[in-house]
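Novice: Provided below are the primary sequence and the corresponding predicted coordinates.
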Amino acid sequence: MPYLAIKHAHMTFVAISLSLFVFRALLNLRGVPWRNWVWLRIVPHINDTCLFLAGVWLAVIGGFQPLDHPWLAGKLVLLPLYVVAGAKALKATHRKTQFQWTIIAICIFAAMLGLAIVKPFY
């Protein structure tokens, strides 16, 4: 599969991932019991797995090494922080805490997106 097709698939998974996170966060903030919806518990994990695998595939076929490409290293450092912040946002019990962690997670996501677009130090 050509590099450009994988890159576009990766970008599509990024958009879906952010959309699903924001959707679940908004439902959470409104007190909607979205965890009762099986598809909303499963689909984000499938999508995020595809997102990660597409990213690894891009790095391999593009010859990107995290130590040679600081923007990639930055994304790899931010990824677990995003996962933790997102989990805290979706598991928090108080609305204020949910909102704060949601904003933190979105900011981390935006930082990863910015690194991917700008590729500083490249």
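Specialist: Arrived safely.

Novice: so how far is residue 108 from the spatially closest residue to residue 120 that is not a sequence neighbour?
Specialist: Excluding the flanking residues, the one nearest residue 120 by C-beta to C-beta, 6 or more residues apart in numbering is residue 71, at 5.8 Å. C-betas here are computed from N, CA, C, even on glycine. Distance from residue 71 to residue 108, counting by C-beta to C-beta, to the nearest Å: 15 Å.

Novice: returning to what we had before: so where does the residue nearest to residue 120 fall, helix or strand?
Specialist: helix 70-91 (DSSP states H and E).

Novice: wait, residue 57 sits on residue 6?
Specialist: Yes. Using C-beta atoms under 8 Å, residue 57 and residue 6 qualify as a contacting pair, with a distance of 5.5 Å.

Novice: the top helix by length along the chain packs against which elements?
Specialist: In the chain, taking DSSP state H as the definition, the longest helix is helix 3-29. Helices and strands in packing contact with helix 3-29 are listed as helix 38-62, helix 70-91, helix 95-118; criterion 3 or more C-beta pairs under 8 Å, 6 or more residues apart in numbering; DSSP states H and E.

Novice: list of residues touching the last one?
Specialist: Taking C-beta atoms under 8 Å, 6 or more residues apart in numbering as the criterion, the residues outside helix 95-118 that touch it are 14, 18, 21-22, 25, 28-29, 71-72, 74-75, 78-79, 81-82, 85-86, 88-90, 92.

Novice: quick one: low-confidence parts of this protein?
Specialist: When residues are selected by pLDDT under 70, those of the chain lie in 121-122.

Novice: do you know how far residue 25 is from residue 116?
Specialist: From residue 25 over to residue 116 the distance is 22 Å, taken as C-beta to C-beta.

Novice: same deal with residue 15?
Specialist: Using C-beta to C-beta, residue 15 is found at 12 Å from residue 116.

Novice: and the spatially closest residue to residue 62 that is not a sequence neighbour, how many neighbours?
Specialist: Nearest non-adjacent residue to residue 62, counting by C-beta to C-beta, 6+ apart: residue 3, 6.3 Å away. Burial of residue 3, expressed as a neighbour count using other C-beta atoms under 10 Å, amounts to 11.
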